[in-house]
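> Below is the sequence, then the predicted model.
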Amino acid sequence: MYQLFCILIALPLFASPTLGNSETWLAPPGRGQLEQDPTLIPKGKGLLFVPTMTGSLNEPSFLILQGGKPIREASPGTGVLLSPGYYEVLIGSGTDVQMTSRTVPIHEDMTTLVKPFWSGLVVNVIDEQRSTINESYELYWEDQQENYGIGFGVEEERGEAVKTWLLPPGVYSVVPVGQNISTTRKFSVRLEPGELVQRNLVVDTDNNDTFVGFYPPSPQGVLGQKIGSNWKTSLQLSGSTRLSTSQNATGEDRSVLALTTQVLGRSVYSTDRHFFNMGLTFEEEFTREVGDAAIDEFEVRATYIYRLSKWLGPYLRGVFNTRLFATKARFNPPRPLLIHWADGRRTRSDVEEFTLSSAFSPLDMRQGIGINSQVARSFPFTLDMRVGFGARQKYFAGAFDLNSTRTVARELSDEITTGLEALLILKLRPAQSLILDSEFDVIIPGRATADWEFNWENRLRLALSRLVNMDLVFDLRRERATRRLQSRQQVLVRFVYWL
């Protein structure tokens, strides 16, 4: 009789037909999740089930306490076996003090399905081209004037998952890192019990990471997927034209017409254990002045990661990259050109045009297998690392390398490289106005450092004022085909005026 009384009292709190506003969830309703849980209840035990709104990979673990002492930690969406009794369930993001709690009864041979008394918030950080970016923000609870910490955007190609905030119901504000809750540069949202709210946070990366938009995603969600589906697909088509006219020193009029088209496609499959990402990039720019493609890229990338945990898992990746059109060098005035063919040298005089590479050349393919990990993740310092075995093939089909003085063209030979590969991605933010992004990608075929190939990209961004910021770019690259160190440096100063 006493057990029946307890069940009747607990039923309105922990079980209902809807179990919260589950139609807003990305995961199936709570009862559907429970039906898929394989846990069998042994004699003398009961089952506690806390549903997930988006997936256990995205949400923080919850704590189970008895007598004020923690006894278990588990992920939402996973059943927990407990002895009969009363337990405190502590759920939420932030510190232990900021988490919400309920006391739940566990009965022998029975399941306690907890009705969500918390809310969910997903913030997907994107740029103005709708690409996910690894920028940060701070989250405040307006009702209590509390800071719940820093949230991050993700790099989907590395298998990162968008974080789901589990929060007490109320009004929350997203603000730039370093700003307080009184700032006017913020976006707010109201969360109801049992509801999942999704928002796209748009960041202008060219203007000191200014927030420029905060809006609900399409009905498919911020992950571009239907409710209950592990797939998401996106396709972006864009094009532009540019017409400019000028007068050179001889008084001859010159006009340049540039046509640019870009296709970006992505398909992602993501579960708690499996992640697969395939991306397509196709970008072309044609100018009337040179008569061929100034920008010419066709690339397909695919990555698979098996998640052993949120931070670690083996990966398998492949890249296919080429140019669709021939590349030509033009000489004005015509000049002699020394050509190093594979079978000897020869000189051509009065060269006006020389084909450096034909269509679909070079053909660049890369493969890798190894371990993907998030080494560190905090506001001032994040470090991701990928280490494994890699292979690269580069086929040139009669392509040439032109030296810096444009007097010698050397025919390039096909290259096949295998060895250890490593990828390090660093984001350092020592101050609010200073950000360093660094990415180092290397393949090591042997002990001879002359055969190592690497690409090191660095960008230091300094906000001089609200209206002025400066970017320092320093890139280093070395490929076995050209056998020389190539570098690129840029200093970019941007002025912004708000009307």
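On my side now, so go ahead. Every value quoted in this text rests on a predicted model; they were computed, and no experiment measured them.
> Apart from its neighbours in sequence, what residue is nearest Glu192?
Pro169 (5.7 Å; Cβ to Cβ, 6 or more residues apart in numbering). (Each C-beta comes from the backbone N, C-alpha and C, glycine too.)
> Could you report the neighbour count for the one you found?
Number of residues near Pro169 (other Cβ atoms under 10 Å) recorded here: 16.
> Check it and give its pLDDT.
At Pro169, the predicted lDDT confidence score is 94.
> Do I have it right that it meets Pro193?
Yes: contact criterion Cβ atoms under 8 Å: Pro169 and Pro193 qualify, at 4.8 Å.
> overlap in contacts of the two?
118-119 (Cβ atoms under 8 Å, 6 or more residues apart in numbering).
> For the helix or strand hosting Gly390, which strands pair with it and how are they oriented?
Assigned by DSSP states H and E, Gly390 belongs to strand 381-395. Applying DSSP bridges, strand 381-395 is found paired with strand 363-377 (antiparallel), strand 415-431 (antiparallel).
> Mind jotting down where the helices sit in this protein?
2-14, 30-36 (DSSP state H).
> Would you single out the least confident of those?
Note on those: lowest mean pLDDT is at helix 2-14, with a mean of 43.
> Tell me if I'm right that Arg386 and Ile369 touch.
No: using Cβ under 8 Å, Arg386 makes no contact with Ile369, being 10.3 Å away.
> who has more neighbours, these two?
Between Arg386 and Ile369, counted using other Cβ under 10 Å, Arg386 has the larger neighbour count: 22 against 15.
> Please name the bridge partners of that one.
Going by DSSP bridges, Arg386 forms beta bridges with Asn372, Leu423.
> Could you check how far it is from Leu423?
4 Å (Cβ to Cβ, to the nearest Å).
> List the residues that contact the residue nearest to Pro29 when sequence neighbours are not counted.
Distances taken as Cβ to Cβ, 6+ apart put Ser22 closest to Pro29, at 4.1 Å, once the chain neighbours are dropped. By Cβ under 8 Å, 6+ apart, Ser22 lies in contact with 28-30, 51, 194.
> Which of those residues has the largest number of neighbours?
Ranking the contacts of Ser22 using other Cβ under 10 Å puts Gly30 first, with 27 neighbours.
> re earlier: anything in contact with each of Arg386 and Ile369?
Both Arg386 and Ile369 are in contact with Tyr315, where contact means Cβ under 8 Å, 6+ apart.
> Can you pull out the low-pLDDT segments for the stretch 251-400 of the chain?
In the predicted model of the stretch 251-400 of the chain, residues 251-258, 286-294, 377-379 satisfy pLDDT under 70.
> quick one, strands of it?
253-270, 274-287, 293-306, 312-322, 327-341, 344-357, 363-377, 381-395, 400-402 (DSSP state E, counting those that start in this stretch).
> picking that back up, ok, so of the contacts of Ser22, who is nearest Glu284?
Pro28 (43.0 Å; Cβ to Cβ).
> where does that closest one land on pLDDT?
So Pro28 comes in at 87 (pLDDT).
> For Ser357, name its beta-bridge partners.
Residues in beta-bridge contact with Ser357 (DSSP bridges): Thr327.
> quick one: it and Phe400 touch, right?
Yes: assessed by Cβ under 8 Å, Ser357 is found in contact with Phe400 at 7.2 Å.
> Now for those two: what residues contact both?
Counting by Cβ under 8 Å, 6+ apart, nothing touches both Ser357 and Phe400.
> Just the C-alphas of the strand holding Gly390, formatted as PDB.
The C-alpha trace of strand 381-395 is given here as PDB (Å, rounded to 0.1, in the frame of the first residue of the first chain):
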ATOM      1  CA  PHE A 381      43.700  27.800 -25.000                       C
ATOM      2  CA  THR A 382      42.400  25.000 -27.200                       C
ATOM      3  CA  LEU A 383      44.600  22.300 -28.800                       C
ATOM      4  CA  ASP A 384      43.500  19.400 -31.100                       C
ATOM      5  CA  MET A 385      45.800  16.800 -32.300                       C
ATOM      6  CA  ARG A 386      45.600  14.000 -35.000                       C
ATOM      7  CA  VAL A 387      48.500  11.500 -35.300                       C
ATOM      8  CA  GLY A 388      48.700   8.500 -37.500                       C
ATOM      9  CA  PHE A 389      50.000   7.000 -40.700                       C
ATOM     10  CA  GLY A 390      49.500   8.900 -44.000                       C
ATOM     11  CA  ALA A 391      50.000   8.500 -47.700                       C
ATOM     12  CA  ARG A 392      50.000  11.200 -50.400                       C
ATOM     13  CA  GLN A 393      50.100  10.800 -54.200                       C
ATOM     14  CA  LYS A 394      50.600  13.700 -56.600                       C
ATOM     15  CA  TYR A 395      50.400  13.100 -60.400                       C
END
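> And Phe282, how far from His274?
Counting by Cβ to Cβ, the gap between Phe282 and His274 amounts to 27 Å.
> just Glu283 next, same as before
Applying Cβ to Cβ, the value for Glu283 to His274 is 30 Å.
> do Asn372 as well
Taking Cβ to Cβ, one finds Asn372 at 13 Å from His274.
> Tyr140 too?
Taken as Cβ to Cβ, the span from Tyr140 to His274 is 35 Å.
> neighbour-wise, which of those two wins?
Taking other Cβ under 10 Å, Tyr140 and His274 do not tie; Tyr140 has more neighbours (23 against 14).
> re earlier: which residues are common contacts for Asn372 and His274?
In contact with both Asn372 and His274: Ile305, using Cβ under 8 Å, 6+ apart.
> Which strand residues bridge the residue nearest to Asn147 when sequence neighbours are not counted?
Once flanking residues are discounted, Asn147 sits nearest to Tyr140: 5.6 Å by Cβ to Cβ, 6+ apart. Judged by DSSP bridges, the bridge partners of Tyr140 are Asn147, Ser173.
> Surely Tyr140 touches Val171?
No: applying Cβ under 8 Å, one finds Tyr140 not in contact with Val171, separated by 9.4 Å.
> Looking at the strands of the stretch 251-400 of the chain, spot the one closest to Thr95.
Closest among the strands of the stretch 251-400 of the chain, once you apply Cβ to Cβ, is strand 363-377, at 17.3 Å.
> in that closest one, what's buried?
363-364, 366-368, 370, 372-374 (16 or more other Cβ atoms under 10 Å).
> just those residues now: which is nearest Leu121?
Using Cβ to Cβ, the buried residues of strand 363-377 come closest to Leu121 at Gln374, 21.8 Å.
> check contacts around that closest one.
If you count contacts by Cβ under 8 Å, 6+ apart, then Gln374 has 160, 310-312, 382-384 around it.
> If any of these are buried, put those into a ChimeraX selection.
In ChimeraX syntax, the buried subset of the contacts of Gln374 is picked out as below (16+ other Cβ under 10 Å):
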select :160,310,382,383,384
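> Turn the contacts of Gln374 into TSV, including distance to Val202.
TSV is the format used below for the contacts of Gln374 (distance: Cβ to Cβ, whole Å):
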residue	distance to Val202
Glu160	19
Lys310	26
Trp311	28
Leu312	31
Thr382	21
Leu383	26
Asp384	24
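> Nearest to Leu63 among the contacts of Gln374?
Of the contacts of Gln374, the one sitting nearest to Leu63 (Cβ to Cβ) turns out to be Lys310, at 17.1 Å.
> hang on, the earlier thing: export the strands paired with strand 381-395 to TSV and append columns for distance to Thr322.
Below are the strands paired with strand 381-395 laid out as TSV (distance: least, Cβ to Cβ, whole Å):
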stretch	distance to Thr322
strand 363-377	5
strand 415-431	15
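> Span of stretch 404-423 from start to end?
30 Å (Cα to Cα, to the nearest Å).
> for the record, mean pLDDT for stretch 450-469?
pLDDT averaged over stretch 450-469 gives 77.
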